[in-house]
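# from the sequence below, what's the structure:
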Amino acid sequence: MPSGNTFVLIWSPSDKDVTKIESEFKTQEFTAMAWSKSGAYLAMGTGKGNLLMYSMRERRKTPYVGKHTRRITHAVWNKDDLLATAGLDQAVCVTEGSSGETVRSFKVSGEPFDLCVSDKKDDGYARHDENTYSLNVGRRTLYIMQYMHDQVWGVGRSKG
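Residues are numbered from 1 along each chain as shown. Here you go, the predicted model:
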């Protein structure tokens with residue numbers, strides 16, 4: 001993202017309207033941004049580790065302070081509206097989109113390089129759950145985190 005952005009413009013093709021969403025954190029620039037898969041939420045992480053969620057249905061923004069202690073660098077949603085964020089504080093935080101509640105957070109061994117979500121494949125067939133998160137840390141370590149609907153997480157780590 002370009003540095004210094006404290007607002008986001010959203011264009012609605014249905015009514016050809018532009019909405020300006022300004023940060024609730026006045027001097028904090030947005031450093032990561034991701035739309036939910038359903039298009040219902042826009043998550044914006046800041047340089048100070050805070051999170052701003054915008055609900056398209058309600059046209060309401062909700063700030064969440066302290067999701068991270070340093071810059072949020074990556075954000076990705078799964079199809080169930082769970083948001084995973086990674087930051088320079090060497091932490092991963094998984095947040096429930098509609099409530100903003102932290103589902104799980106944990107530390108990793110370095111600064112994140114990339115974060116993505118995918119289906120888990122068993123016996124060569126994808127289950128279409130989008131419950132597996134992959135985090136590349138320092139371009140040397142790959143974390144694989146699997147979310148189960150009963151709130152159980154499995155975290156594996158592979159060093160390169």
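# now do residue 39 against residue 102, distance only.
From residue 39 across to residue 102, the span is 23 Å (CB to CB, to the nearest Å). Heads up, the C-betas are built off the backbone N, CA and C, glycines and all.
# between those two, which one's more packed in?
residue 102 (13 against 9; other CB atoms under 10 Å).
# I'd say residue 139 and residue 112 touch.
No - with contact defined as CB atoms under 8 Å, residue 139 does not reach residue 112; the gap is 10.2 Å.
# who has more neighbours, those two?
residue 112 (22 against 11).
# which residues does that one contact?
Residues counted as contacts of residue 112 (CB atoms under 8 Å, 6 or more residues apart in numbering) are 73, 74, 86, 87, 90, 92, 135, 136, 137.
# where does this protein dip in pLDDT?
1-4, 121-130, 148-160 (pLDDT under 70).
# let's go with 50 and repeat that
152 (pLDDT under 50).
# point to the residue nearest the middle of it.
residue 75 (2.8 Å; CA atoms, centre = their mean).
# residue 111 versus that one, what's the distance?
15 Å.
# same check on residue 35?
24 Å.
# again with residue 147
23 Å.
# what about those two, which has more around it?
Here residue 147 and residue 111 are compared on neighbour count by other CB under 10 Å; more neighbours surround residue 147, at 23 against 16.
# wait, doesn't the more buried one sit right on residue 92?
No - assessed by CB under 8 Å, residue 147 is found out of contact with residue 92, at 11.6 Å.
# shared neighbours of the two, which are they?
With CB under 8 Å, 6+ apart as the test, residue 147 and residue 92 both reach residue 133.
# sweet, I'm off.
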